[in-house]
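J.: What shape does this take:
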Amino acid sequence: MQVNTINTKKISDFAVLATAIKAWGKELGFHDVRIADAQADMSAVESGLFRWLEQGCHGTMDYMAKHGTKRTRPAELEPGTQRVISVCINYAPPAVKSSWEVIHDGNRAFISRYALGRDYHKVIRARLQKLADKITEAAGPFNYRVFSDSAPVMEVAWAQKSGLGWRGKHTLLLNRQAGSMFFLGEMYVDLPLPVDEETASYCGSCTRCIDICPTRAIIGPYQVDARRCISYLTIELKDSIPEPLRPLIGNRIYGCDDCQLVCPWNKYAKITQENDFHVRNGLDDVSLVELFGWDQATFETKLAGSAIRRIGYQQWLRNIAVGLGNAPYSAEIVSALQARADDPSDMVREHVQWALQQQHQKTTAIRESST
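T.: Coordinates of the predicted model:
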């Protein structure tokens, strides 16, 4: 937390300051800005988190268990925190290839639409820092810390407490004016700002997100077993992808948007105004074979500044190999896989071998059906 001494003489009305903060946030490009009480009752969220961890639903994400109650008690992470300022910023890019068209074309590579542009972490933290600077200029020095999926912060829970939206049955935040295709960010502050009211849930009896999940990772309303989630399998998991789940991944090589694509509220999703979130390198509509042909230097160059680069080159190849195994049979795919059959990485070789087996089974089936 930025450690300063608050100049209370410059603040005559915290309600006026809160209004100004929201206006400044929107000027900086945030879709909405809301404020929650850092001492709000989070007991239900806390018990739910611990139950989820006890069930092992976090898989290999050990960092989820490291910080205990600091995730739900801001003052334990940053002493003196009184409020949580939550912000959201739309990311749906313009002129993007239809997600369903790509998903239904087994030769194409589907990348979650949030990752088609630049890494959102840096963009949001930089904007939040500018917001903090504006607050300092108007109110004097104060204690704060900004976050964007970068520390033990229950961002969806705090966004819900602030009134930014409600937690959908897929566990993502939903907003009546923006759906779920937006990023979240937070600022912990020691200012006693007035807080906003929590909003109601508007999911009703809808279960489309649960029904569509390719791997049945949404095991119940508001419950996700990360070990089955394609986003976890393609991004967070650093080891081999469990073989029974590979066919279910299809051509999704980085993340999965299915639960968002079927959500009725996303008809209100807004196209982003941020150039940083626009499609780069044609990643919204590209073949699996083309991406599999990238060498490491190409991977590093083309994905510089992208969230995708964080997973590393070997994991990138692992994911694409699974997609190629799931693709319709073609000699081009077999040739691409054979070219990496002796890859230096044990993990890559394993997934390439699996993919070749899948392609072999398909060509065998084609021959048998033609006789």
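J.: Any buried residues in stretch 222-235, and which?
T.: For stretch 222-235, burial by neighbour count (16 or more other C-beta atoms under 10 Å) applies to 223-235. To be clear about C-beta, it is placed using only N, CA and C from the backbone, and glycine gets the same treatment.
J.: Closest one of the residues you listed to Ile89?
T.: Ser231 (19.5 Å; C-beta to C-beta).
J.: Who are the contact partners of that closest one?
T.: Residues near Ser231 by C-beta atoms under 8 Å, 6 or more residues apart in numbering: 112, 255-256.
J.: ranges for the helices of the stretch 1-150 of the chain?
T.: Secondary structure of the stretch 1-150 of the chain (DSSP state H, counting those that start in this stretch): helices located at 14-27, 43-54, 63-66, 74-77, 99-103, 120-139.
J.: Of those helices, which shows the lowest average pLDDT?
T.: Lowest mean pLDDT of the helices of the stretch 1-150 of the chain: helix 63-66, a mean of 90.
J.: Which residue ranges of the stretch 51-200 of the chain form strands?
T.: Along the stretch 51-200 of the chain, the segments classed as strands by DSSP state E, counting those that start in this stretch run 83-90, 110-111, 144-147, 166-167, 173-174, 182-189.
J.: Just list what the fourth one packs against, helices and strands only.
T.: If contacts are counted by 3 or more C-beta pairs under 8 Å, 6 or more residues apart in numbering; DSSP states H and E, strand 166-167 sits against helix 155-162, strand 173-174.
J.: Tell me which helix or strand the nearest residue to Arg176 once chain neighbours are set aside sits in.
T.: Distances taken as C-beta to C-beta, 6 or more residues apart in numbering put Tyr202 closest to Arg176, at 6.4 Å, once the chain neighbours are dropped. Using DSSP states H and E, Tyr202 sits in no helix or strand.
J.: thinking again about what came up before, the strands of the stretch 51-200 of the chain: which one's closest to His31?
T.: Per C-beta to C-beta, nearest to His31 of these: strand 83-90, 5.1 Å.
J.: That closest one packs against which elements?
T.: Identification of packing neighbours for strand 83-90 by 3+ C-beta pairs under 8 Å, 6+ apart yields strand 32-37, helix 120-139, helix 155-162, strand 182-189.
J.: Dump the ones you listed to a markdown table, plus mean neighbour count.
T.: As requested, the helices and strands packed on strand 83-90 are exported to a markdown table (neighbours: other C-beta atoms under 10 Å):
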| stretch | mean neighbour count |
| --- | --- |
| strand 32-37 | 22 |
| helix 120-139 | 18 |
| helix 155-162 | 24 |
| strand 182-189 | 25 |
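J.: Now distance to Arg310 and mean pLDDT too, for the strands of the stretch 51-200 of the chain, in TSV please.
T.: Formatted as TSV, the strands of the stretch 51-200 of the chain follow (distance: least, C-beta to C-beta, whole Å; pLDDT from 0 to 100):
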stretch	distance to Arg310	mean pLDDT
strand 83-90	19	98
strand 110-111	13	98
strand 144-147	17	96
strand 166-167	25	98
strand 173-174	22	98
strand 182-189	15	98
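J.: Adding distance to Tyr329, write these out as CSV.
T.: Listed next are these as CSV, based on distance: least, C-beta to C-beta, whole Å:
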stretch, distance to Tyr329
strand 83-90, 40
strand 110-111, 19
strand 144-147, 46
strand 166-167, 42
strand 173-174, 40
strand 182-189, 39
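J.: Indicate which one of those strands is closest to Gln358.
T.: Closest to Gln358 of the strands of the stretch 51-200 of the chain, according to C-beta to C-beta: strand 110-111, at 17.7 Å.
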